[in-house]
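Enquirer: Any chance you can model this:
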Amino acid sequence: MDNIPLSAVFENLLDLSPAGIFWKDKERRFLGANKTFLDYYGIESVDELIGKTDEDMGWHIDPEPYRAAELRVINQNEVSSKVPGKCIVQGKVRQLLATKHPLIYNGEIVGLIGYFEDVTDQLAERDRLSTLCQTDELTGLLNRRAYMEIASQYKTQYDKDGTDFVLYMLDFDNFKAINDNYGHEYGNLILHSVSKALTMAASDNSVLFRYGGDEFVILHQYKDLDDIDILEKKLVKAVQIPRNIDGINISIKASIGHSCFSESGYLSSMIEIADRRMYEMKAEHKKKDS
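Expert: This next block holds a predicted model:
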């Protein structure tokens with residue numbers, strides 16, 4: 001039997017590993033990752049990752065602790081083992097344990113190699129009642145209780161380094177009529193469907209909440225003002241796209257308003273400003289329809 005090349009064994013180990021494995025250069029730019037890693041983040045091709053840093057991918061509300069730990073691994077030959085952290089993964093905040101080692105070639109450190117494990121479910125089971133209190137049972141999104149905790153983390157990051165963030169307030173224009181015509185159970189089917197659509201439309205580094213009834217809140221750290229308008233249009237389009245639910249063709253209209261934290265410096269004011277702008281759009285819709 002021919003000898004099996006070590007490279008083939010290595011490739012199989014990467015593909016079969018249940019851990020998300022990745023490796024980076026000395027500038028913390030991704031050089032590669034295994035299939036588990038790509039699938040976890042919803043990345044179709046490793047080419048979308050190569051050459052980018054964690055900050056470029058927008059996975060962390062506060063990227064500095066991760067950056068500092070990786071620089072110690074690369075520059076000080078440290079091993080960072082099972083370090084807990086939070087990561088935004090496809091619109092949800094996940095709890096990870098990350099381990100990173102220096103990547104050594106020809107006796108020199110050329111970068112780092114690491115892996116992570118998602119411990120969100122284990123921690124959720126350990127603190128099940130708390131998790132239930134923060135999750136909307138119907139949609140699976142975070143609820144109003146969770147909003148204040150996570151929004152406070154965004155504010156802390158703003159106070160630390162000025163990273164601004166935007167809050168969107170969105171609700172349906174015609175939801176009462178839908179409930180009246182088709183019943184509340186059908187309305188629940190719509191809420192579930194729209195929640196999925198909003199999750200898919202939102203940027204990967206956005207966090208979604210069902211704030212109450214047919215009202216949704218989205219938090220998003222932005223890099224420039226164009227990001228705000230682009231994401232707002234995507235969110236509205238996700239709601240208003242025609243859909244067939246339980247054999248009924250239904251169209252839903254949405255109104256949305258946004259507020260940046262830097263406008264007021266207060267979380268409570270963000271909600272008030274976004275809510276006012278949302279109702280201004282709702283009033284415009286009513287004028288057009290009348």
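Enquirer: Number of residues surrounding the closest residue in space to residue 63 that isn't next to it in sequence?
Expert: The shortest distance from residue 63 to any non-neighbouring residue, by Cβ to Cβ, 6 or more residues apart in numbering, is to residue 55 (4.9 Å). For glycine as for every other residue, the C-beta is placed from the backbone atoms N, C-alpha and C. For residue 55, the count of nearby residues is 13 (other Cβ atoms under 10 Å).
Enquirer: can you confirm residue 55 is in a strand?
Expert: No - under DSSP: H, G, I helix; E, B strand; the rest coil, residue 55 falls outside any strand and is assigned helix.
Enquirer: Was I right to think it contacts residue 70?
Expert: No - using Cβ atoms under 8 Å, residue 55 is not in contact with residue 70; the gap is 11.0 Å.
Enquirer: measure the residue nearest the centre of the chain to residue 241 for me?
Expert: In the chain, the residue lying closest to the centroid (Cα atoms, centre = their mean) is residue 91, at 2.6 Å. Residue 91 sits 18 Å away from residue 241, going by Cβ to Cβ, to the nearest Å.
Enquirer: before we move on, what about residue 189?
Expert: Counting by Cβ to Cβ, the separation of residue 189 from residue 241 is 16 Å.
Enquirer: In contact with residue 102, which residues?
Expert: Applying Cβ atoms under 8 Å, 6 or more residues apart in numbering to residue 102 gives the contacts 73-74, 77-79, 109, 111-113.
Enquirer: Phi and psi next, for it.
Expert: phi -60, psi 140 (degrees, to the nearest 10).
Enquirer: Not counting sequence-adjacent ones, nearest residue to it?
Expert: residue 109 (4.6 Å).
Enquirer: what's around the one you found, how many residues?
Expert: 16.
Enquirer: Is it in contact with residue 103, as I believe?
Expert: Yes - counting by Cβ under 8 Å, residue 109 touches residue 103, with 6.8 Å between them.
Enquirer: Show me how far the strand or helix carrying residue 280 is from its chain's centre.
Expert: Following DSSP states H and E, one finds residue 280 within helix 267-289. Relative to the mean C-alpha coordinate of its chain, helix 267-289 is positioned 25 Å out (Cα atoms, centre = their mean, to the nearest Å).
Enquirer: Show me where this protein has its helices.
Expert: 6-16, 35-41, 54-57, 64-76, 120-126, 128-134, 144-161, 175-182, 184-201, 225-240, 261-264, 267-289 (DSSP state H).
Enquirer: So which elements touch the third one?
Expert: Helix 54-57 sits against helix 64-76, with contacts defined as 3 or more Cβ pairs under 8 Å, 6 or more residues apart in numbering; DSSP states H and E.
Enquirer: elements contacting the helix it packs on?
Expert: helix 54-57, strand 80-89, strand 92-105, strand 108-118.
Enquirer: could I get the ones you listed as a markdown table with distance to residue 251 and mean pLDDT?
Expert: Listed next are the helices and strands packed on helix 64-76 as a markdown table, based on distance: least, Cβ to Cβ, whole Å; pLDDT from 0 to 100:
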| stretch | distance to residue 251 | mean pLDDT |
| --- | --- | --- |
| helix 54-57 | 35 | 92 |
| strand 80-89 | 31 | 88 |
| strand 92-105 | 28 | 91 |
| strand 108-118 | 37 | 93 |
